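J.: Sequence and predicted model, in that order:
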Amino acid sequence: MLQKIEIVIFVDALGWEIAQEHSFLQQELPSRQRIEMQFGYSCTALPTILSGCRPNQHGHLCLFYYDPANSPFKALRYLHWLLRPRSFWNRGRVRNILSRIFRRLYRYDGYFQLYQMPLDRIGLMNYCEKQDIFAPKGLSPVPNLQDFLLQSRLKYHFSDWQASEKENLAAAAAAIRSEEADFLFVYLAGLDALLHEKVGEPEPIREKLQFYEQQIRQLLQLAQEHARNFSLTVISDHGMTPLRGTADIKGAVEALGLRFGVDYAACYDATLFRAYFLKPETREIIMNRVTDQSFPGHWLSREEKQRYGIANSSGQPNYGDEIFLLDPGVQIVPSDMSSKPLPGMHGFAPEDQDSAAVLLSTGPVPEDIREVADLFSFMKARIVALDELHWRSGPA
């Protein structure tokens, strides 16, 4: 029997509002804190959770960014005209196949998806998540959670982010039964996809949360049977905000007649318009155009960029000279992510109540864990304490 087992379960998109509304594991996890989301998307929050660093340190904010000199897709600058008709190549299934081909061709082991990035522009873009951010050195030179675990003397289990939820839950249960892990990091991603499509439908959400509750209770039971002491904590990266409107920022900018890649460049995320001004005069033209259209949102101030940890810094990718953030619930349509709006989306202001993440635990947690970036220090402190306990007590 082990001295203690520490279990951390990451549930993608488990927002504070949903967890509270459904009383998610209220009795089992009585210590509950609202966690402010990291500005950005899952591709921003996960590196932040795994490292404790902000985007201006770990370099991950959005998947695509303008970087023609280092674009891995340069060949498409000259070959994209062969990919006709565009309606075929823009189909979701075709894009998924293309994404798998590119991932294999370039030997990327991180999350890779082309989404709806225009084929005539992707040759000017770079991609941030080429490496597996969960793996050791996956965020190098910034150390991540596995790097820290490898420095400890603990036996640990780390979920495969590419495996199914059932596979990850079964693997975690097996690790506890075998008493081969003192620390477990369990990855569950299914809720995110469900909420994107059904955020306004209580029944499928309830069913999904009940599935999680059943599985987590089983892990708690196993921990009781195989360790003298145990702790289980559920964390998340963000919530999900229902659709409240759309904004055709892309249409407004392209109507100006400026040349993409010559006068300006742009990335149209689901909730962010990121503009690059390749000629000085285009800054005022584009910013005034977007402002004059009265889109529901605002240009981020310098203070906001600093506060969110997304200000451009030396040695890191440039994710935009200026960023326009839409109000909660409003999506850019069409965007580089999708040609249609989704019922639910995240990536709005961290202050949005539907965007808040969670920290739910069997035991007390420090009150100063308030932001997604703090979750790493929380896990790190638990690992250090477990490491000291394990070796102070000696073998079980």
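T.: Received, thanks.
J.: Number of residues surrounding Arg93?
T.: Neighbours of Arg93 under the rule other C-beta atoms under 10 Å: 7. C-beta here means a position set from N, CA and C on the backbone, and glycine is covered the same way.
J.: For it, grab phi and psi.
T.: phi -70, psi -40 (degrees, to the nearest 10).
J.: Can you tell me how far it is from Arg84?
T.: Going from Arg93 to Arg84 by C-beta to C-beta, to the nearest Å gives 17 Å.
J.: what does Ala357 give?
T.: 43 Å.
J.: So which of those two has more stuff around it?
T.: A count of neighbours by other C-beta under 10 Å puts Ala357 above the other of Ala357 and Arg84, at 29 against 10.
J.: For the closest residue to Ser355 other than its chain neighbours, which residues are in contact?
T.: Sequence neighbours aside, Met37 is the residue nearest to Ser355 in space, at 4.5 Å (criterion: C-beta to C-beta, 6 or more residues apart in numbering). Applying C-beta atoms under 8 Å, 6 or more residues apart in numbering to Met37 gives the contacts 45, 237-239, 346, 350, 352, 355-357, 372.
J.: What about those, which one has the most neighbours?
T.: His238 (31 neighbours).
J.: Wait, that residue touches Ile18, no?
T.: No. Under the criterion of C-beta atoms under 8 Å, His238 makes no contact with Ile18, lying 11.1 Å away.
J.: Quick check, pLDDT for the residue nearest in space to the middle of the chain.
T.: Centroid-nearest residue in the chain, with C-alpha atoms, centre = their mean: Ser42, separated by 1.0 Å. Per-residue pLDDT puts Ser42 at 97.
J.: Leaving out sequence neighbours, find the closest residue to it.
T.: Asp237 (5.7 Å).
J.: which regions of this protein lie under the pLDDT threshold?
T.: For the chain, applying pLDDT under 70 flags the ranges 81-82, 393-396.
J.: tell me what the longest helix belonging to it is packed against?
T.: Using DSSP state H to define each element, the chain has its longest helix at helix 202-226. Counting contacts by 3 or more C-beta pairs under 8 Å, 6 or more residues apart in numbering; DSSP states H and E, helix 202-226 is packed against strand 2-11, helix 165-177, helix 190-198, strand 227-235.
J.: got the angle for the longest one vs helix 202-226?
T.: In terms of direction (axes from the mean of the first three to the mean of the last three C-alpha atoms, to 10 degrees), helix 165-177 departs from helix 202-226 by 20 degrees.
J.: Tell me which residues of helix 165-177 come out buried.
T.: 165, 168-169, 171-173, 175-176 (16 or more other C-beta atoms under 10 Å).
J.: Compute the inter-axis angle for that helix and strand 2-11.
T.: Interaxial angle, helix 165-177 versus strand 2-11 (the same axes, to 10 degrees): 170 degrees.
J.: need the helices for the protein, in chain order.
T.: 16-21, 42-51, 55-58, 76-79, 86-89, 92-106, 145-151, 165-177, 190-198, 202-226, 249-254, 280-292, 302-308, 374-393.
J.: in the longest one, what's buried?
T.: Of the residues in helix 202-226, those buried under the neighbour-count criterion (16+ other C-beta under 10 Å) are 205, 208-209, 211-213, 215-216, 219-220, 222-223, 226.
J.: same deal with stretch 336-344?
T.: Within stretch 336-344, the residues scored as buried using 16+ other C-beta under 10 Å are 336-338, 341-342, 344.
J.: Could you list which of those belong to strands?
T.: In strands, defined here by DSSP state E, the members of those are Gly344.
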